[in-house]
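Engineer: Dropping the sequence and predicted coords here.
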Amino acid sequence: MDHDEAAASTASSYELSRVSTAARRPSRTAQERPQLAPFSSAFGGFTPLDTPPITPPESNNEKIESIPPAPVDYLSYKEVVPGPSVPPTPGETEFYPTDLESGSSTPPSPTAHNSTADLTIAELANEAAPLPPVDRGRAAIMYLVAVTLIEATVWGLPFSVGVLHEYWLSELFPDPSAAGVLTLASTLPTGLLYFCGVFMGPLFTAFPWFERELQFAGLFISTAGLLASAFVTQPWQLILTFGIMFPMSGSVYLPCATNLFEWWKARRGMATGIMYAGTGLGGCVFPIVVTALLKAFGYRTTMVSLAIAYLIIIATCLCFTKRRVPLPTYVTGGRRKRTRPPVDWSFLRRRATWVGFAFMMVHSLANFIPLLWITSFATLVGAKSPDGPSLVAIVNGVTAFGNCLSGWVSDRVPCRIAVTVSCLIAAVSTATLWGFGDNEKFLLAFAVMWGLTAASLAGMWGAMITTIAQNDPSTTVVAFSAFMTLKGIASFTSGPISTALLNYGPMAGAPGAYGSTNYGVLIIFTTIMTGAGGLITIAFPG
């Protein structure tokens with residue numbers, strides 16, 4: 001081997017040993033390779049790589065020019081002059097969507113190359129697409145409309161189950177011994193829908209890329225539950241179909257509610273209020289529709305019709321509830337891999353978290369009591385216009401407007417002030433309008449005030465969860481699931497508590513309903529829990 005070949009071989013080995021894999025350049029043709037100078041002497045070493053190469057001799061009167069190599073900084077192992085890039089080593093480069101609040105960030109395209117050999121950072125940037133705008137635009141508005149309809153459909157039926165419960169007791173299973181089972185079947189959907197946050201929240205956090213599959217699985221299970229409830233022959237079958245299978249619709253609802261935080265920022269309170277207004281809207285519409293269907297077509301046709309309509313509405317709305325920010329991916333091992341967004345558990349060390357949790361638990365203990373007992377109370381005091389069912393419909397209808405109002409207020413007023421004032425107004429209304437509500441006028445005023453205040457606090461959840469999660473998508477899911485779970489606990493415990501409180505007799509010598517009915521202690525309990533929830537929120541930051 002002559003000196004030129006030896007020098008080239010040695011320099012090549014030296015270069016490959018000193019430069020990292022991520023900084024190597026792809027193979028070049030013979031004309032592109034750097035030409036190394038011969039040894040200057042027997043002990044002179046070789047010429048530095050940045051020395052201009054020796055020009056080869058001319059051949060056939062044509063001069064062949066070689067391309068000088070790019071200088072290499074061996075201390076930092078980085079190319080000084082940009083050249084053809086090569087893909088990073090596994091795990092070396094990660095791509096995460098940033099700035100969830102603006103439309104300026106551009107996440108990686110969901111389409112991926114089969115091999116990283118053809119993938120460069122510049123190509124990844126070219127593949128990225130701009131995100132839809134926040135708080136405006138067709139996509140954000142359609143998302144809000146879709147999730148509002150989903151809210152109305154998923155929650156409207158459980159909130160108006162009293163119509164079905166009455167039909168089950170009077171027509172389908174008139175045996176008095178079945179009353180307990182039928183009551184359980186009618187109350188399970190609401191409680192389990194709230195409790196779905198216990199297991200579905202962690203599930204969606206751990207496997208966010210299966211979000212759509214889990215939503216459609218819940219849709220088909222809940223639809224099957226409604227459809228099967230049309231063909232029941234025993235009361236216990238309603239517990240299985242309507243009471244357990246239908247609440248699987250929580251897997252449809254939960255991602256829609258949490259992904260709303262990606263689409264709306266400046267008007268997030270208004271958006272969440274509009275979404276939760278769907279519950280009141282469904283609570284008004286479903287009793288009318290179900291009653292008309294039962295009278296015209298009977299029970300079986302009614303439930304089959306509800307199941308078909310439920311499937312069509314939810315499936316259509318899901319087409320407009322895509323994430324604004326695609327899930328992050330990173331390049332490794334010759335292909336893109338999914339990466340799980342980590343949960344920042346430091347939110348558990350924030351004061352806002354525990355104040356928010358305490359508020360949800362205390363306030364929710366009273367939140368279900370008026371809707372649960374106002375029908376019986378109206379019957380007891382002889383209210384006819386409006387009667388008990390009409391009062392429930394009024395509360396639900398006013399709640400639809402109240403949620404929009406509370407959400408709008410939370411965008412402009414600090415959350416602790418808005419929630420505290422709303423709870424205190426609700427507490428005073430309970431103590432006076434319901435406490436002295438031995439006639440229709442007082443009860444009507446109470447239904448309106450309760451619907452505007454305590455029953456509409458869900459419109460402020462968005463502001464509270466934003467403060468707790470600080471715009472972390474994974475933390476948002478966990479915090480929202482915790483809120484739902486705490487409200488579910490209250491929905492189960494408030495029933496036995498209120499039943500026990502009704503065992504106390506009238507308060508001798510007390511005015512209004514306090515002295516004329518056995519609801520006095522229950523009204524006082526509702527007043528205290530509602531007011532206490534507001535006082536707790538004073539400690540909420542912001």
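Structural biologist: Sure thing, it's come through.
Engineer: Mind checking the pLDDT average for the strand or helix carrying residue 408?
Structural biologist: Per DSSP states H and E: residue 408 is located in helix 388-410. For helix 388-410, mean pLDDT rounds to 88.
Engineer: Now find how far off-centre that helix is within its chain.
Structural biologist: 23 Å (C-alpha atoms, centre = their mean, to the nearest Å).
Engineer: buried sites along whatever helix or strand comes next after that helix?
Structural biologist: Going down the chain from helix 388-410, the next helix or strand is helix 415-429, by DSSP H and E. Neighbour-count burial for helix 415-429 flags 415, 416, 418, 419, 420, 422, 423, 424, 425, 426, 427, 429 (criterion: 16 or more other C-beta atoms under 10 Å). Just so you know, the C-beta spots here come from the backbone N, C-alpha and C atoms, and that holds for glycine as well.
Engineer: possible to save those as CSV with pLDDT?
Structural biologist: Shown next, in CSV, are the buried residues of helix 415-429 (pLDDT from 0 to 100):
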residue, pLDDT
415, 88
416, 90
418, 92
419, 94
420, 95
422, 95
423, 96
424, 96
425, 96
426, 96
427, 96
429, 96
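Engineer: between those, which is nearest residue 241?
Structural biologist: residue 426 (35.8 Å; C-beta to C-beta).
Engineer: That closest one and residue 448 touch, don't they?
Structural biologist: No. Residue 426 lies out of contact with residue 448 (C-beta atoms under 8 Å); the separation is 11.5 Å.
Engineer: now for the helix holding residue 408, which elements pack on it?
Structural biologist: The contact analysis (3 or more C-beta pairs under 8 Å, 6 or more residues apart in numbering; DSSP states H and E) places helix 388-410 against helix 268-297, helix 369-381, helix 415-429, helix 440-452, helix 461-469.
Engineer: Residues in contact with the fourth one: which ones?
Structural biologist: Judged by C-beta atoms under 8 Å, 6 or more residues apart in numbering, the contacts made with helix 440-452 from elsewhere in the structure are 280, 370, 374, 377-378, 381, 383-386, 391, 394-399, 401-402, 405, 425-426, 429-430, 433-434, 436-437.
Engineer: mind listing what residue 464 touches?
Structural biologist: Applying C-beta under 8 Å, 6+ apart to residue 464 gives the contacts 352, 356, 359, 415, 419, 540.
Engineer: Okay, and the third one sits in which element?
Structural biologist: Here residue 359 is covered by helix 351-367, with elements defined by DSSP H and E.
Engineer: If you count neighbours, what's buried in that helix?
Structural biologist: By neighbour count on 16+ other C-beta under 10 Å, the buried set for helix 351-367 is 352-353, 355-367.
Engineer: swap in stretch 280-289?
Structural biologist: Within stretch 280-289, the residues scored as buried using 16+ other C-beta under 10 Å are 280, 281, 282, 283, 284, 285, 286, 287, 289.
Engineer: and the angle from the helix holding residue 408 to helix 440-452?
Structural biologist: Angle of helix 388-410 versus helix 440-452, following axes from the mean of the first three to the mean of the last three C-alpha atoms, to 10 degrees, is 40 degrees.
Engineer: got the angle for helix 388-410 vs helix 461-469?
Structural biologist: Counting by the same axes, to 10 degrees, helix 388-410 points 50 degrees away from the direction of helix 461-469.
Engineer: So what touches stretch 395-414?
Structural biologist: For stretch 395-414, the external contacting residues (C-beta under 8 Å, 6+ apart) are 159-160, 266-274, 276-281, 283-284, 370-371, 374, 418, 422, 447-448, 450-453, 455-460, 462-463, 542.
Engineer: from those residues, which would you call buried?
Structural biologist: 159-160, 267-274, 276-281, 283-284, 370-371, 374, 418, 422, 447-448, 450-453, 455-460, 462-463.
Engineer: Return the distance of stretch 301-311 from the chain's centre.
Structural biologist: 27 Å.
Engineer: Kindly export it (C-alpha atoms) in PDB.
Structural biologist: Taking Å, rounded to 0.1, in the frame of the first residue of the first chain, the C-alpha atoms of stretch 301-311 are listed here in PDB:
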ATOM      1  CA  THR A 301     -91.500   1.000  20.500                       C
ATOM      2  CA  THR A 302     -90.500   4.000  22.700                       C
ATOM      3  CA  MET A 303     -87.300   2.400  23.900                       C
ATOM      4  CA  VAL A 304     -86.300   1.100  20.500                       C
ATOM      5  CA  SER A 305     -86.900   4.500  19.000                       C
ATOM      6  CA  LEU A 306     -84.800   6.100  21.800                       C
ATOM      7  CA  ALA A 307     -82.000   3.700  21.200                       C
ATOM      8  CA  ILE A 308     -81.900   4.400  17.400                       C
ATOM      9  CA  ALA A 309     -82.100   8.100  17.900                       C
ATOM     10  CA  TYR A 310     -79.400   8.000  20.600                       C
ATOM     11  CA  LEU A 311     -77.000   6.000  18.300                       C
END
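Engineer: does residue 249 really touch residue 157, like I thought?
Structural biologist: No. Applying C-beta under 8 Å as the test, residue 249 and residue 157 come out as separate, 9.2 Å apart.
Engineer: neighbour count winner among the two?
Structural biologist: Counted by other C-beta atoms under 10 Å, residue 249 and residue 157 do not tie: residue 249 has more neighbours, with 29 against 26.
Engineer: pLDDT wise, what is that one at?
Structural biologist: Looking at residue 249, its pLDDT stands at 91.
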